[in-house]
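Asks: Quick one: sequence and predicted model below, then my questions.
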Amino acid sequence: MSLPASPMPKASAQVAPFVECLGPELAMQFLLRFGGAELYISANPQNGGGVEALVGREAMGRMVAHHRIGNHIRRVPLARRWLALMLHWQGYSTAQIARTLRATDVTVRNYISAGRVA
């Protein structure tokens, strides 16, 4: 799927550190998998847990070293609005986005219409 010519949706302040450390695609995957819960990221992983399997050891190190993330995230953001805008930007349908985010189509349409730049 080719990306549109329009600019990528801007990450909120809550999401920006994850995008800085992981890049937009991996940040999306990380937020979809771990969003909504507390998370501890080991600075010295021993057994290749779920975070390491998804993002890799190097990216884990960037997250732990980031002044706004660190190794103990009290609650990984759900970031539904940004995720909806990113998925829409990538060309996914409203129904696909709603199923991915476990949200209603009405909520997704509201996120998209509120996120459009005039």
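Replies: Here it is on my side, so go on. Just so you know, these numbers come straight off a predicted model, no measurement behind them. Numbering: from 1, shown residues only.
Asks: Would you mind giving the domain segments of the protein?
Replies: 16-73, 80-115 (automatic domain parsing).
Asks: The residue nearest to the spatial centre of the chain: which element?
Replies: Nearest to the geometric centre of the chain sits residue 28, at 3.1 Å (C-alpha atoms, centre = their mean). Using DSSP states H and E, the element containing residue 28 is helix 24-34.
Asks: Within the sheet, what are the partner strands of the next helix or strand after that helix, with directions?
Replies: In the C-terminal direction, the helix or strand that comes right after helix 24-34 (DSSP H and E) is strand 39-40. Note on strand 39-40: by DSSP bridges, its sheet partners are strand 72-73 (antiparallel).
Asks: when you compare where the helix or strand following the partner strand runs with where helix 24-34 runs, what's the angle?
Replies: On the C-terminal side of strand 72-73, the closest following helix or strand by DSSP H and E is helix 80-89. Helix 80-89 and helix 24-34 are oriented at 130 degrees to each other (axes from the mean of the first three to the mean of the last three C-alpha atoms, to 10 degrees).
Asks: helices or strands up against helix 80-89?
Replies: helix 24-34, helix 94-101, helix 105-115 (3 or more C-beta pairs under 8 Å, 6 or more residues apart in numbering; DSSP states H and E). Bear in mind the C-beta positions are built from the backbone N, C-alpha and C, glycine included.
Asks: rerun that using 10 Å as the cut-off
Replies: helix 16-22, helix 24-34, helix 94-101, helix 105-115 (3 or more C-beta pairs under 10 Å, 6 or more residues apart in numbering; DSSP states H and E).
Asks: other SSEs contacting the shortest one?
Replies: Of the remaining helices and strands, those touching helix 16-22 by 3+ C-beta pairs under 10 Å, 6+ apart are helix 24-34, helix 50-55, helix 57-65, helix 80-89.
Asks: Can you check which of those gets nearest to residue 12?
Replies: With C-beta to C-beta as the criterion, residue 12 lies closest to helix 80-89 of the helices and strands packed on helix 16-22, at 5.7 Å.
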